[in-house]
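Chemist: Below is the structure, and that's it, no one-letter string:
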């Protein structure tokens, strides 16, 4: 008996030892990894088409029966935050969070693989960019359980579409046309846009109703563009054609006018419809209503100046015997000055000359400075050839007068620069202004005692001597591409007139010195063809050393004169003061006399 027990114990011991030896060699069975499989179909997203499903037909499995999370990452996100991912989590325990910086949608459980599959089935991609980048995007989806993950991805085709151009009118304001008045601009603030084109190919403008037949018509100005215009008097339709920039079509449409020459026009509102096209699509039509008003006023308005100039003070006289116009008690009323070419309007005051006289006088300014091209800023921006209309709206209708604009400055030019009236160099400033060489500041002043910058000097020289050359080298390291004087500085550099400083800079904002300005002018005349024998000019000023690099230029201009006036003659103490900053007034005199001397001697 004991022997049998010993035998059984021995066998048990042997089996136990065998188990201990063999067990490490038997592999352990780990938890199965989740799987995700996309259907392999590339979805299409169409511009402006709204969100598109991108994972329809996805399958997700996990034998563990639970997933912790999923990440859905949008790769190649060329349109940034305009591109978004979303999914519907209704009926699940899953939460979602979209990181719009990284373009990742986070789905967080835990929940069943079936619920994760349900949510990812609803995954959408959207792009709100008006003109999306049409390169493919890639979406990568990764699912996670406690210790494993799996991923799959799909591409998205981006399909761009051609958007139709758009016209926007200036709100709902009605345009008014008064019997017997001049043509009225239909909408001077109209805008044209096209999100995927920079050019248009045509426009159609139609006067939809025309009870006064051929006595009424629409017209437009295409000057300065490539646009061609044709008017069909039978259909009252203006057709614009030819490829041109959107900005030019907008510019032209802003000049659209309506006119009616009938003595007693029909007072039915007129309707003008406008469309534009980009060669493929046409805009939705926009309609402007024109209110026709009869005019029985006995008032009159007159531009009393014999002519209007680009820079001028324009006097206006109004006679209005109708006490209803200004209540019989007002001594001031308002007039308007309109540039028919640009549509810009300036209002101005008309003040009764004597109580009860019914005669009102006022004035407004014109300027050719582009900086003043804005409504009601105190200046009417004009150019030679424009037509200016002044008007006054009487209770019974408007009264108007008009004149064309001539080049240069009128008798009121001194009022444009009130700070030069008593300046001894005023004559030279006005000469340069009339020829478009210098401009004033936005506040209407010239600031004659301000220093001239090196950048300004370059532009004044180029304009005064009509310089032009091919730009073959970009000379200065401190001259940004958008600098207002860059082109003119480069012209001088490429002509060998300026070379800048030893460190390769030009220092355009630095004030130009009186000795430097003589070099600018002298070398310009020489490069333009004047033969200058520098050696014959040796008399300068006691404060200019003959070893100065500027000596020959100062001596040349000191000994050169136009109609008995030396180009430079220094200060009352006999000195030149070469290191002083050159003022805007001094610059005007030197340039004005130099260009005239040059013209007489070349």
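Modeler: Nice, I can see it. The structure presented is a predicted model; accordingly, all values stated were derived computationally and were not measured.

Chemist: where do the helices sit along this protein?
Modeler: Listed from the start of the chain, the chain has helices (DSSP state H) covering 2-22, 113-121, 246-253, 426-434, 454-464, 486-494, 514-527, 551-558, 584-601.

Chemist: what would those look like in TSV with distance to residue 318, mean neighbour count and mean pLDDT?
Modeler: C-betas here are computed from N, CA, C, even on glycine. Supplementary listing: the helices of the chain in TSV, determined by distance: least, Cβ to Cβ, whole Å; neighbours: other Cβ atoms under 10 Å; pLDDT from 0 to 100:
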stretch	distance to residue 318	mean neighbour count	mean pLDDT
helix 2-22	118	9	51
helix 113-121	76	21	96
helix 246-253	32	19	95
helix 426-434	30	20	85
helix 454-464	39	23	93
helix 486-494	45	21	92
helix 514-527	49	22	93
helix 551-558	52	22	92
helix 584-601	38	21	93
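
Chemist: is residue 319 in a bridge, and if so with what?
Modeler: Residues in a beta bridge with residue 319, per DSSP bridges, are residue 300, residue 359.

Chemist: same deal with residue 168?
Modeler: residue 191.

Chemist: would you list the helices of the chain in CSV and tack on distance to residue 274?
Modeler: Supplementary listing: the helices of the chain in CSV, determined by distance: least, Cβ to Cβ, whole Å:
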stretch, distance to residue 274
helix 2-22, 92
helix 113-121, 48
helix 246-253, 7
helix 426-434, 40
helix 454-464, 40
helix 486-494, 38
helix 514-527, 50
helix 551-558, 59
helix 584-601, 47
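
Chemist: Which among those helices is found nearest to residue 406?
Modeler: When those are compared for distance to residue 406 using Cβ to Cβ, the nearest one is helix 426-434, at 11.3 Å.

Chemist: Helix 584-601 and the closest one, what's the angle between them?
Modeler: Note on geometry: by axes from the mean of the first three to the mean of the last three Cα atoms, to 10 degrees, helix 426-434 and helix 584-601 are set 70 degrees apart in direction.

Chemist: Mind listing residues that contact helix 426-434?
Modeler: Defining contact as Cβ atoms under 8 Å, 6 or more residues apart in numbering, one finds that helix 426-434 is touched by 311, 408-409, 413-414, 416-417, 420, 423, 438-440, 446, 448, 460, 464, 584-585, 588-589, 591-593.

Chemist: which stretch among the helices of the chain comes nearest residue 340?
Modeler: Checking the helices of the chain against residue 340 by Cβ to Cβ gives helix 246-253 as the closest, at 14.0 Å.

Chemist: how far is the closest one from where the chain is centred?
Modeler: Shown here is helix 246-253, whose average C-alpha point lies 14 Å from the average C-alpha point of the whole chain (Cα atoms, centre = their mean, to the nearest Å).

Chemist: cool, and stretch 82-94?
Modeler: Using Cα atoms, centre = their mean, we find the averaged C-alpha position of stretch 82-94 to lie 41 Å away from the chain's own average C-alpha position.

Chemist: Spatially nearest residue to residue 310, not counting backbone neighbours?
Modeler: The spatial neighbour of residue 310 that comes closest, neighbours along the chain excluded (Cβ to Cβ, 6 or more residues apart in numbering), is residue 368 at 3.9 Å.

Chemist: Figure out which of the helices of the chain is closest to residue 190.
Modeler: Closest among those, using Cβ to Cβ: helix 246-253, at 5.4 Å.

Chemist: Which secondary structure element of this structure has the lowest mean pLDDT?
Modeler: Least confident helix or strand, the chain: helix 2-22 with a mean of 51, by mean pLDDT, DSSP states H and E.

Chemist: neighbours of the residue nearest to residue 310, just the number please.
Modeler: Counted with other Cβ atoms under 10 Å, residues neighbouring residue 368 total 25.

Chemist: Report the contact partners of it.
Modeler: Contact criterion Cβ under 8 Å, 6+ apart gives 310-311, 381-383, 436 as the residues in contact with residue 368.

Chemist: do residue 119 as well
Modeler: Contacts of residue 119 were listed using Cβ under 8 Å, 6+ apart, and they are 87-89, 92, 94, 96, 107.

Chemist: hmm, 10 Å instead?
Modeler: 55, 58, 60, 70, 72, 87-92, 94, 96, 107, 109, 111 (Cβ atoms under 10 Å, 6 or more residues apart in numbering).

Chemist: farthest-separated two in these?
Modeler: Maximum pairwise distance in those, criterion Cβ to Cβ, is 19.0 Å, between 72 and 91.

Chemist: more crowded one of those two?
Modeler: Each of residue 72 and residue 91 has its neighbours counted (other Cβ under 10 Å); residue 72 has more, 26 against 9.
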